[in-house]
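Novice: build me a model:
(2 chains)
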Amino acid sequence: MKDWFDVAKKIESRVLLAAESAGLDLAVFDADVRPADPRFGDVQANGALPYAKRHKTNPRQLAQSILAKLEEDDEVKGVATLSIAGPGFINFTLKPTFILEWVKTFSGETALRESAGQLKANRKVVVDFGSPNTAKQMHVGHIRSIVIGETICRLLEFCGAKVVRDNHIGDWGTPYGKLFYAYKRELDQEALENDPLEELERLYKLGSSLANEDESVLEESRQELVALQNGDSQSMALWERVNDLSIQGLKTIYEVLDVTYDCYLGESFYRDKVEQVYNELCESGIAEESKGALVVFHPEHKRYSKQPFIIRKSDGASNYATTDLATMLYRKEHFEATDVIIVTDARQKDHFEQLDLTCQKWFQASKRDLPDFSHVMFGSINGEDGKPIKSRSGDPIRLRELLNESIERAYVIVKEKFEERNAAIDEEELMHIASVVGVSAIKYADLSQNRTSDYQFSWNKLLAFDGNTAPYLLYAATRVQSIFRKLEAGDQNDLESKASPYETAEELALAKKVIGFVGTLHTTVDTLKPHFLCTYLYELAGTFSAFYAANTVIVDDEGQKARRILLCKRTLEILKTGLSLLGIPTLERM
RNA sequence: GGGGCAGUAGCUCAGUUGGAUAGAGCACUUGAUUUCUAAUCCAGUGGUCGGGGGUUCGAAUCCCUCCUGCCCUACCA
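Specialist: Down below sits the predicted model:
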């Protein structure tokens, strides 16, 4: 039974064997196993069609010959009933006895981890996500990178990889001159302690506007910047203070979002590592001078043969291309990364394609192994007007304010629901529930969307209790939990031996959905697209709700009760595991 | 000018890489509740998958072309 954990994969291996003994050429034959339309079965193998096409034979007859071999297969016999439909689809309908065995055998997060843990074993992945600038409040624009990045880290860890979470903060560059000018003259010490990012951002804006109005301020700002870049000790001390305060401020939001980092290696960290990049790229002839700048062209590429990758500006300064190159090298040499993932918005696609091409040539020339590089990109969050969301004043909406508003809205809704139900709840728990619902709703709204597309932000949608939302999933989890609270002592003993095979349509649907988690995990990790997991969890919750409405769990019949309790346990385990991968905790009640 | 991404129900979105009669939620029309939490569930209405051509047993998916929107395109990140 152990090797049936991934049902589709196992069936694929049996189909291949059957095809081979039916005389097919396995070098060409692809079983093409996938979930089936429930009207026809649970799993389908479509490989006979393209194979017949290639060999100009009758696909249905070919499917028939594979099926004949499968029906002789003892491994398949107890698992599924087979049929052929249409032009040659082989359909597998799982038998209730097998379904029960599966549900009994693969219990809990441990079993899930055991199999998933093979997927990314021996990988060491540096995930670069979040990446805000220092001395600035984070705004909505940062949420996708943070939430998607954290989920990818959790998924990879679940699948056995070692993960380094790196926050590549923007902590170096021109804004510091103006900030320091204002900091030295206009600092509000109390405000800085209360909310460092708010005060630093105020000071930067102040310095910036003063410099715009007054040429002498601009000149003094320039001097501040020069002093910093020359490593003046006073400037460096101030720079470090600003950074410490900034990171401290960022962390208050990361705590709310339940996000952690292993390191904060910002742009400043790489400033003494760019010389090596220039030298190596020049020596190997990859980089060249153009219009005073040092650039890389890729002649083989239709566009990047003309569009340069600028690695040193004509004024001699480095830019983000330079630090990104240095960063790739550091991640390889210091972390020994097998994979590097950078999570940013889709507008930076060109940049990272050029980075990847350049790194391939550079690493090859220097006889280094290049880590597998993925630019995990995402679309923008739009308002109802279809344009990127802004506050009424036209400024970006602050992340902190967005989260607070969500919690406040959740509070009102949750309180109302408890009042409607006449259920007692103290203020502390109410706040806790509101906080979980509010924050989860924001995260889930983002994760449930295909990350490569833009999406439209809507309070009504993300906090709704219908549809593919966090509240719906959280509610489903609380309903399962409430069943366990109602059980009597002994109800959970010897479930495996007491359980009878599943019969009702709702039981079978739910059990099959439970089995389907394995395939979803594969798809999600392969594509690094969390919305596949979200869609699955939503379907699982929906299938559970239908089961819950139609099949009472706590019944007199011991076999029936046991098998349903078992199903509830698995549902809850998967809901909890899946949600935790998304960075969302579950609630006892709501 | 060149390139990328997108266009699916009135609205918001899925669609497992070419599979069977294109799916959800909202909205609309219905039915179910002294509940293991109805924040739920059952059923129904709603589609020339932007338009047109092509490839084949089979196309929302691949190719060509046109229309529309967003983004990138030398020294911001």
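
Novice: for chain A, give me the ranges with low pLDDT.
Specialist: Counting by pLDDT under 70, chain A contains no low-confidence segment.

Novice: outline the domain layout of it.
Specialist: According to automatic domain parsing, chain A comprises the domains A:2-94, A:124-170+A:266-378, A:175-257, A:399-581.

Novice: can you list those in TSV and add distance to RNA strand B and mean neighbour count?
Specialist: Where you see a C-beta, it was placed from the backbone N, CA and C, and this is true even at glycine. Converted to TSV, the domains of chain A look like this (distance: least, C-beta to the nearest atom of the strand, whole Å; neighbours: other C-beta atoms under 10 Å):
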stretch	distance to RNA strand B	mean neighbour count
domain A:2-94	3	17
domain A:124-170+A:266-378	3	19
domain A:175-257	9	17
domain A:399-581	2	18
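
Novice: for those, give me JSON lines that also has distance to A:T110.
Specialist: Output for these, formatted as JSON lines (distance: least, C-beta to C-beta, whole Å):
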{"stretch": "domain A:2-94", "distance to A:T110": "12"}
{"stretch": "domain A:124-170+A:266-378", "distance to A:T110": "12"}
{"stretch": "domain A:175-257", "distance to A:T110": "27"}
{"stretch": "domain A:399-581", "distance to A:T110": "10"}
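
Novice: looking at these, spot the one closest to A:F106.
Specialist: domain A:2-94 (5.9 Å; C-beta to C-beta).

Novice: quick check: which element contains the closest residue in space to A:S580 that isn't next to it in sequence?
Specialist: In space, and not counting its chain neighbours, A:S580 is closest to A:R154: 7.2 Å by C-beta to C-beta, 6 or more residues apart in numbering. Assigned by DSSP states H and E, A:R154 belongs to helix A:143-158.

Novice: likewise A:V15?
Specialist: helix A:7-21.

Novice: quick one: contacts of that helix?
Specialist: Contact with helix A:7-21 is made by A:3-4, A:26, A:29, A:31, A:33-35, A:43, A:45, A:47, A:66-67, A:69-70, A:73, A:75-76, A:80, A:90, A:92, A:94, A:102, A:515, A:518-519, as judged by C-beta atoms under 8 Å, 6 or more residues apart in numbering.

Novice: the same query, at a cut-off of 6 Å, please.
Specialist: Helix A:7-21 is contacted from outside by A:3-4, A:26, A:29, A:31, A:33, A:43, A:45, A:66, A:69-70, A:73, A:75-76, A:515, A:519, using C-beta atoms under 6 Å, 6 or more residues apart in numbering.

Novice: next one: stretch A:553-569
Specialist: Counting by C-beta under 6 Å, 6+ apart, A:V103, A:V480, A:I483, A:L495, A:K498, A:A499, A:S500, A:L510 sit against stretch A:553-569.

Novice: so the second one makes contact with A:L572?
Specialist: It refers to A:V480. Yes. A:V480 lies in contact with A:L572 (C-beta atoms under 6 Å); the separation is 4.5 Å.

Novice: would you list the phi and psi of the residue of chain A most remote from its centre?
Specialist: Residue farthest from the centre of chain A, counting by C-alpha atoms, centre = their mean, is A:S216 at 48.1 Å. Backbone torsions of A:S216, given as degrees, to the nearest 10, read phi -70, psi -30.

Novice: so who does it touch?
Specialist: By C-beta under 6 Å, 6+ apart, A:S216 has no neighbours at all.

Novice: over to A:Y51?
Specialist: A:F29.

Novice: quick check: which element contains it?
Specialist: Going by DSSP H and E, A:Y51 is part of helix A:48-55.

Novice: ok and the next helix or strand along the chain from that helix relative to helix A:48-55, angle-wise?
Specialist: Moving toward the C-terminus from helix A:48-55, the next helix or strand (DSSP H and E) is helix A:59-71. Here the directions of helix A:59-71 and helix A:48-55 differ by 130 degrees (axes from the mean of the first three to the mean of the last three C-alpha atoms, to 10 degrees).
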